[in-house]
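Engineer: Provide a 3D model corresponding to the input given below.
(2 chains)
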Amino acid sequence: MIDGELAVETRGLRKSFRTLRGRRVGVENLDLRVPVGGVHGFLGPNGSGKTTTIRMLLGLARPDRGTATIFGHEVPRHLPDVVGRVGAIVESPRFFPAFTGRSNLRLLADAIGTPRDRVDAVLEEVGLSGRAGDPYRTYSLGMKQRLAIGATLLKDPDLLIFDEPTNGLDPAGIHEIRRTMRDLADRGRTVLVSSHILAEVQQVADSVSIVARGRLIAEGRVADLVAGQAGQAVRVGLASDEVAVAASVLGARGLSVERDGAALVVEGAGAAAVNRMLGEQGVWARELAPRQVDLESVFLGLTQTETAGESV
Amino acid sequence: MRLVGVELRRLWMRRVTWGGLLLALVVAGLAVVTQIGAAQPPSAQEIAQAERYYAEQAEWWQENGEQETASCREAQAAEPGADYGCDRLEPQLEQFLPSSSTFVWHETSGSSATGGLTGTETAAAALSAEVAAVQESLWSGWSSLSSAARSAAPAFLMLAFVVGVSFVTAEQRTGALGLWLTFEPRRSRVYGSKAAAAALGTAPLVLGGWLATVGGLYALHAAVGTVGTVSGDDWAQIAAFSGRLLLAGALCAAAGVALGVLLRHAASAIGGAALLLWASAGFAFTLGTAQRWLPVLNLDAWLRDGAIYQYPARAADPSGEASVPWLTGVVGGAHGGLYWLAVVAVLTLVAGAVFCRRDLD
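Structural biologist: Next up is the predicted model:
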């Protein structure tokens, strides 16, 4: 559950697209809440409506219905009132290929009346001073991404929206972007990052919203979501001739048991309870380990449930 | 205004714009080069040959002139009201002397102002004062300047249009427009700034090309001694033409922006415009008096302060003869200007509305 002051809030947001086969719903009745401060992960598989939602927040797409607010200002109607506090990269960075990095940023700075010396400061900040005079088309993907982050910083924004910021980056680039996001959040800004790479988000996000098929299926602090799943699954190592018996014992107690070689993965009870149940029947586990639960498994569990629900 | 300034700077940071300026100068150069031959004064050999032809014709006239004149008058009498010019049949030396084009043309200079019309069948055409005014204007006769006004000036306008189209389609293609709108989300302002920047920013291209043409032609004629008489009124007319061309360039650039936004792709917008021009030229005569609503004719009328068009008369010849008389119509300069203003205003309004509502990547 996400409480407190919200940087972004949507209610009943819906967006559909016309296709040759009729209308396709991209976002359906989405209630998104992004708390002020920290990094908020906006997670979902490809095509789940993350980018569409971000585009609606930024006024690049019009919702069919529903409302969205940024720092309490309804968008897109009052976006001009709040746009100075929002920096965003939607999908891949998009600048004029033939212009230099500095020229691209200067045009943007001039458009919002930001002093030109801010451009050089930002280029320094994102480590592009040395290549600022080169045409944008000659930049590597990482440099393009850094320039895009530089563009968002021209406004000194309170909210930064990064849509799949690490797409196509090498590990060093991913690490750099992650560190940048964390730094920004630590300096009091709100960072909304959409991604389908969950390990990356888990390392940096304080809270997350998970969407599938355009709908919100979970939200909350990362720690809470992970804790909600942790301890409910235990890996039980056994002697190979005791695996069948142990499965039978635990199954009879109503637990979900899945065989994994000479081990069982048991869901529905903690390690101590599983050990007691087996011990009572004279079966002794060689290894008992709570299964490692991470955001990815939470995500997979939730999205699979959603998919199953859809198919029923 | 700040946005317009930024967009103007972006316009002139683009290679397409500089390429357009370069092309405009190339067009100006070509307009001058193609006039080199016509601007040369006749050589002594050409004059001697012309005098020989004249002497031969004069000798023939001495023998047959009276008979020719009588035949002419007989034919004229058969058609009441007709003027066959029977008193002007005698050969004159001026008719045989080769002429060179001058910088500007004057109706009194002896060239035929109706040169463009005499080849057409104007049996029933009664030239009104309006038609005469168009035909006698500085831009109708045979001069290097009027020739450039017909060929180079439209090319400058075409360049302004292409620069306008490319200005917005490149931004849409690269996706930079989406980023731009995250900095300035007021789309009507954004559209207005782009249209204004294109209209203002292409002025150096149009005016530069035209002034280079005028200057080059004047220098050419001055170099070979065939400038002719250029009065203060002539320069005023040239200045007025330049002003009208400048405004037309702004409208073409704004139209380019509008079509670029509506059609999204440069090829579609430029191809669509080219198709319209081709259809206008190819099928104009089938439209009768509706030709006065054709874009090219109106542009021509605006630039040259009036343009004429011809169309076949609808009424059948009462005598039952098979001839189809052609009539002449006039489109005034103000009509042409207002027409284009209205067309570009409508295009801009439609494109602006689409731009404000369209989903962007």
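Engineer: which residues of the chain score low on pLDDT?
Structural biologist: By default, I'm working from chain A. A:1-2, A:228-232, A:292-293, A:303-312 (pLDDT under 70).
Engineer: the intended chain is chain B.
Structural biologist: Within chain B, the set of residues satisfying pLDDT under 70 comprises B:106-128, B:141, B:314-324.
Engineer: any residues of the stretch 1-150 of chain B in contact with chain A? List them.
Structural biologist: Contact residues, the stretch 1-150 of chain B versus chain A (C-beta under 8 Å from any C-beta of the partner chain): B:2-3, B:5-6, B:9-10, B:13-15. Using the backbone N, CA and C atoms, a C-beta is placed for each residue, glycine as well.
Engineer: filter those residues down to the buried ones and hand me the ChimeraX line.
Structural biologist: Only the buried entries of the residues of the stretch 1-150 of chain B next to chain A go into this ChimeraX selection, using 16 or more other C-beta atoms under 10 Å in any protein chain shown:
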select /B:3,6,10,13,14
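Engineer: relative to chain A, which of the residues of the stretch 1-150 of chain B next to chain A is nearest.
Structural biologist: Set against chain A, the nearest of the residues of the stretch 1-150 of chain B next to chain A by C-beta to the nearest C-beta is B:Val6 (4.6 Å).
Engineer: for the stretch 151-300 of chain A, what lies in contact range of chain B?
Structural biologist: Checking the stretch 151-300 of chain A against chain B by C-beta under 8 Å from any C-beta, the hits are A:151, A:155.
Engineer: for the stretch 151-300 of chain A, which residue gets nearest to chain B?
Structural biologist: In the stretch 151-300 of chain A, the residue that lies nearest chain B is A:Ala151 (6.8 Å; C-beta to the nearest C-beta).
Engineer: please name the residues that touch that residue.
Structural biologist: A:Ala151 makes contact with A:87, A:89, A:93, A:95, A:104-105, A:108, A:122, B:179 under the criterion C-beta atoms under 8 Å, 6 or more residues apart in numbering or on different chains.
Engineer: for the stretch 101-250 of chain A, which residue gets nearest to chain B?
Structural biologist: A:Asp110 (4.6 Å).
Engineer: related to what we said a few turns ago, would you say the residue of the stretch 151-300 of chain A closest to chain B is within a helix?
Structural biologist: Yes - using DSSP: H, G, I helix; E, B strand; the rest coil, the assignment for A:Ala151 is a helix.
Engineer: coming back round to it: need the residues of the stretch 1-150 of chain B next to chain A in TSV with secondary structure, can you?
Structural biologist: Below are the residues of the stretch 1-150 of chain B next to chain A laid out as TSV (three-state DSSP):
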residue	secondary structure
B:Arg2	helix
B:Leu3	helix
B:Gly5	helix
B:Val6	helix
B:Arg9	helix
B:Arg10	helix
B:Met13	helix
B:Arg14	coil
B:Arg15	helix
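Engineer: give me the buried subset of the contacts of A:Ala151.
Structural biologist: Those of those that meet the buried threshold are A:87, A:89, A:93, A:95, A:104-105, A:108, A:122, B:179, by 16+ other C-beta under 10 Å.
Engineer: now secondary structure too, for those residues, in CSV please.
Structural biologist: Output for the buried ones among the contacts of A:Ala151, formatted as CSV (three-state DSSP):
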residue, secondary structure
A:Gly87, strand
A:Ile89, strand
A:Pro93, coil
A:Phe95, coil
A:Asn104, helix
A:Leu105, helix
A:Leu108, helix
A:Val122, helix
B:Leu179, helix
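Engineer: kindly reformat these as a markdown table containing distance to B:Leu347.
Structural biologist: Compiled in a markdown table, the buried ones among the contacts of A:Ala151 are given as follows (distance: C-beta to C-beta, whole Å):
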| residue | distance to B:Leu347 |
| --- | --- |
| A:Gly87 | 34 |
| A:Ile89 | 33 |
| A:Pro93 | 32 |
| A:Phe95 | 29 |
| A:Asn104 | 30 |
| A:Leu105 | 33 |
| A:Leu108 | 28 |
| A:Val122 | 38 |
| B:Leu179 | 26 |
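Engineer: need the helices for the stretch 201-350 of chain B, in chain order.
Structural biologist: B:203-224, B:232-263, B:266-283, B:295-304, B:333-357 (DSSP state H, counting those that start in this stretch).
Engineer: which SS class is the closest residue to chain B within the stretch 51-200 of chain A?
Structural biologist: Closest residue of the stretch 51-200 of chain A to chain B, C-beta to the nearest C-beta: A:Arg94 (3.5 Å). Here A:Arg94 is recorded as coil under three-state DSSP.
Engineer: hmm, it is touching B:Arg173, no?
Structural biologist: No - using C-beta atoms under 8 Å as the test, A:Arg94 is too far from B:Arg173 to be in contact (10.0 Å).
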